[in-house]
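Engineer: sequence and predicted structure are below.
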Amino acid sequence: MEPVLSVSEITSGYGASPIVKGVSIAAKAASTVVIVGPNGAGKSTLLKTIFGLLSIFSGKVYLKGEDVTGMPPERLVARGMGYVPQNRNVFPSLSVRENLEIGAYQTPKHTSERMERVYLMFPDLKKAMARPAGTLSGGQRNMLAMGRALMSDPDVLLLDEPTAGLSPAYTKVVWEHIVRIAEIGKSVIVVEQNTTTALTSSEWGYVLVAGENRDQGPGPELLARPDIGKMFLGR
Amino acid sequence: MSLLLMGVGFGLITASVLALASVGLTLQFGVTNFVNFAYGEFLTIGAYLAYFFSTVANLNIWLSMLLAALLTAGFSWLVNRVVIQPFLKRKAPLLILLVVTIGLSLFLENGVQAIAGPSFEQYAASSGAIVNIGPMIFTTQQLVIIAIAIVLMTGVHLLLKYTRVGKAMRSMSDDPDLARISGVPIQRITDLAWVISGFLAGLAGVVLAINVTSFTPVLGSQFLFIIFAAVIVGGIGRPYGAMLGALLIGLVTEVSAMYIDSAYKTVVAFAILVIVLLFRPQGIFSSKGRV
C-alpha cells in the first residue's frame, strides 16, 4: 500500500544549524506510527518541519503522493494534514464547541456531522461543549486538541507528545483514542516520550537519535530489542 | 436628580462616539497584538472625508459618513499591507512597530493639515429638532448617533459570537500560532480586522466631529487618549470590555461636568483609568478572552 505521508531525507532546524539531519519516515493509512528518541533527538522539530512550521534545508514531504514541501500549515490542513502541538493546544477563551468549529475552518462542509463524530469519540467534550476550554483539565485539553484536529477530517494526524504531563491512567485513555483514530482510517504519527506505551500500541516505530534515523521496525518488536530497552528503559 | 439625568443623557452620546472608536482600536489590537498609535488620525481622515462629501460634493451627512467610513476602511487595509506588513515579515520587534505607528500618526496629521489647512471646519448639516426624554435633552442628530452605536455594537457582537470569521478573530486573539496550525488563514483575518477597525474609526471620526461641532486636523489625536482610557479600562483587546469602558467613561465624565468645571472631563477620564488600573490592572473584562 502506498504511504499517505512520506518524508524523504529531511534536513531542518532553527536558524542555520540543522537539528533534523536527513530523516526519512513513511506512514500508511489506518496505522499508528510512533517516533521515539532521547531528549533533543529532534522528534518535535521533525513534526514541525513536516507541518510547514520550520523551513526545510533539504529533502521532500509528500502527502497522498503530492509534493507539499514547505507548504504553509493552513494549506496543509486543507489538503488533509492535521497537527496537535504539545503545549498551548486549545483556545482558552473559546468554548469547547467553538474550538472544534475552528478546526473545521478550512473544510466547513459537514461541520455538524464531524462534531457529532468527535463527541462520540470523546463524550467528555460533549458534556463540556459550552465551557471555555481554559477551564478544562490537562487530559480534557488534549482530547479537545485531538478533536479539533479531527474536525478537518485529515488523512494524516501529527501528534506531538499527547500524553506529556498526564497521569498513567489518562495516558492509557489517550492511547486508546489514538488507536481508535487509526481504526477509522487515519494515519496517526505520534512523537512520544513514554516509550513503552507508545511502542506497544503502534504498528511501526522510528528511533531518532541526535537528529538522525537510528532504527525502525514494528513497535512491539522494537520494544523487545535489548539495545532499545537499554537506551530508553535502562534494561 | 434632573441634573444627574441630564448628565446621563450627554454621557450616552459621548459613550456612543467612544464605543465606536474604542471597539475599532481594540479589535485590531486583539488580532495583531500591537497598538496602532495612528488610530486617532484614522478618525481625523474619516471626519475630513465626510466633510468633503457633505460640503464639497453636497451629499447628505449620513451618506457622507458611510462613504467616509468605507474609504477609511480601505485606507486602514492599505496601511496594514503597505506600512505594517513589511515590518512584520522582517519580524520587527514590538517597539519598532509602535515607533512606526507613531511616525505614521505624525505623517498623517501633518498630511491632513497640509491638504485641508489648520482652520476649524464644520459640517453644514442641521442638528435637527430637540427631543426631550424626561430630563434628558437630545437633538435628533444625537439620537441617530446613539442608534448607530447600538446597531454597530450589536453587529460586532453578532460577528464575533456567531460567524466563522468572528470566531477566527477570537482564536487569533487567544493564540495566533495555534490559529494558524488549526487552518485559520491569518493573513486574511488580519486584513479583515484592519478593515473593520478602519470602518469603525471612520464612523467614529464623523460622529465625533458632529458632536464637537467644529474640528481641526488634531481631532483624532486629541481624542486618542480618551479612547485608550476606555480600551484599557475595559481590558485591552476585548471588544465587550471596550464597550463597557466607553459607557463608563462617557457617563462619568459627562455627569461630572454637571457638577464640576467641564474642563476637567479629561482629568476625570484618567482618574477612572488610574482607579481601575490600581484595583484591576488587567481591565474590567479580564476574565474573558481578548476579541
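Structural biologist: Here it is on my side, so go on.
Engineer: against chain A, how distant is residue B:76?
Structural biologist: Going from residue B:76 to chain A by CB to the nearest CB, to the nearest Å gives 23 Å. Where you see a C-beta, it was placed from the backbone N, CA and C, and this is true even at glycine.
Engineer: per-residue confidence at that residue?
Structural biologist: At residue B:76, the model reports a pLDDT of 98.
Engineer: what is the burial count for it?
Structural biologist: Close neighbours of residue B:76, defined as other CB atoms under 10 Å in any protein chain shown, add up to 29.
Engineer: any idea how far it is from residue A:68?
Structural biologist: 34 Å (CB to CB, to the nearest Å).
Engineer: near chain A, which residues of chain B are found?
Structural biologist: B:164, B:167-168, B:170-171, B:173-175, B:177-186, B:288-290 (CB under 8 Å from any CB of the partner chain).
Engineer: mind doing that once more with 10 Å?
Structural biologist: B:161, B:164-168, B:170-175, B:177-189, B:238, B:287-291 (CB under 10 Å from any CB of the partner chain).
Engineer: could you flag which of those residues are buried?
Structural biologist: B:165-168, B:170-175, B:178-186, B:189, B:238, B:288-291 (16 or more other CB atoms under 10 Å in any protein chain shown).
Engineer: what residues of the strand or helix carrying residue B:75 count as buried?
Structural biologist: Secondary structure assignment for residue B:75, by DSSP states H and E: helix B:61-78. Applying a neighbour-count criterion of 16+ other CB under 10 Å, one finds B:61, B:64-73, B:75-77 buried in helix B:61-78.
Engineer: looking at those residues, spot the one nearest residue A:5.
Structural biologist: If you rank these by distance to residue A:5 using CB to CB, residue B:77 comes first, at 37.5 Å.
Engineer: dump the residue contacts of residue B:188.
Structural biologist: For residue B:188, the contacting residues are A:74, B:165, B:168, by CB atoms under 10 Å, 6 or more residues apart in numbering or on different chains.
Engineer: would you say it is within a strand?
Structural biologist: No: read with DSSP: H, G, I helix; E, B strand; the rest coil, residue B:188 is helix and lies in no strand.
Engineer: just the pLDDT for it.
Structural biologist: Reported pLDDT for residue B:188: 95.
Engineer: make CSV out of the contacts of residue B:188 and add pLDDT.
Structural biologist: Compiled in CSV, those are given as follows (pLDDT from 0 to 100):
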residue, pLDDT
A:74, 92
B:165, 96
B:168, 96
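Engineer: in helices, which of the residues you listed fall?
Structural biologist: A:74, B:165, B:168 (DSSP state H).
Engineer: out of those residues, who's nearest residue B:6?
Structural biologist: Distances from residue B:6 to those, taken by CB to CB, are shortest for residue B:165, at 41.1 Å.
Engineer: surely that closest one touches residue B:186?
Structural biologist: No: the criterion here is CB atoms under 10 Å, and residue B:165 misses it with residue B:186 at 11.8 Å.
Engineer: number of nearby residues for residue A:58?
Structural biologist: For residue A:58, using other CB under 10 Å, the count is 13.
Engineer: can you classify it by secondary structure?
Structural biologist: What three-state DSSP gives for residue A:58 is strand.
Engineer: looking at chain A, which residue is nearest chain B?
Structural biologist: residue A:93 (1.9 Å; CB to the nearest CB).
Engineer: could you show me where the helices are in the chain, in order?
Structural biologist: Because you didn't say which chain, this covers chain A. Counting by DSSP H, the helices of chain A are A:43-50, A:73-79, A:96-103, A:111-121, A:123-127, A:138-150, A:168-183, A:195-201, A:219-224, A:226-233.
Engineer: looking at chain B here, not the other one
Structural biologist: Applying DSSP H to chain B gives helices spanning B:2-32, B:39-51, B:61-78, B:85-89, B:94-116, B:140-162, B:164-174, B:176-181, B:186-212, B:219-234, B:239-259, B:265-279.
Engineer: just name the most buried of these.
Structural biologist: helix B:39-51 (a mean of 29; mean count of other CB atoms under 10 Å in any protein chain shown).
Engineer: wait, residue B:237 sits on residue B:23?
Structural biologist: No: taking contacts as CB under 10 Å, residue B:237 lies outside contact range of residue B:23: 11.2 Å.
Engineer: mind listing the shared neighbours of these two?
Structural biologist: Common neighbours of residue B:237 and residue B:23, using CB under 10 Å, 6+ apart, are residue B:231.
Engineer: residues near residue B:36, how many?
Structural biologist: Neighbours of residue B:36 using other CB under 10 Å come to 29.
Engineer: chain A versus that one, what's the distance?
Structural biologist: 22 Å.
Engineer: give the closest residue to that residue in space, chain neighbours not counted.
Structural biologist: residue B:101 (5.0 Å; CB to CB, 6 or more residues apart in numbering or on different chains).
Engineer: likewise for residue A:175?
Structural biologist: residue A:201 (4.9 Å).
Engineer: per-residue confidence for that neighbour?
Structural biologist: 89.
Engineer: neighbours around it, how many?
Structural biologist: With other CB under 10 Å as criterion, residue A:201 counts 20.
Engineer: residue B:5: which of the contacts of residue B:188 is nearest?
Structural biologist: Nearest to residue B:5 out of those is residue B:165 (CB to CB; 40.1 Å).
Engineer: show me the contacts for the closest one.
Structural biologist: So, once contact is read as CB under 10 Å, 6+ apart, residue B:165 ends up touching A:105, B:159, B:184-185, B:188-189, B:192-193, B:196.
Engineer: okay, and the helix or strand of chain A with the least pLDDT?
Structural biologist: helix A:226-233 (a mean of 76; mean pLDDT, DSSP states H and E).
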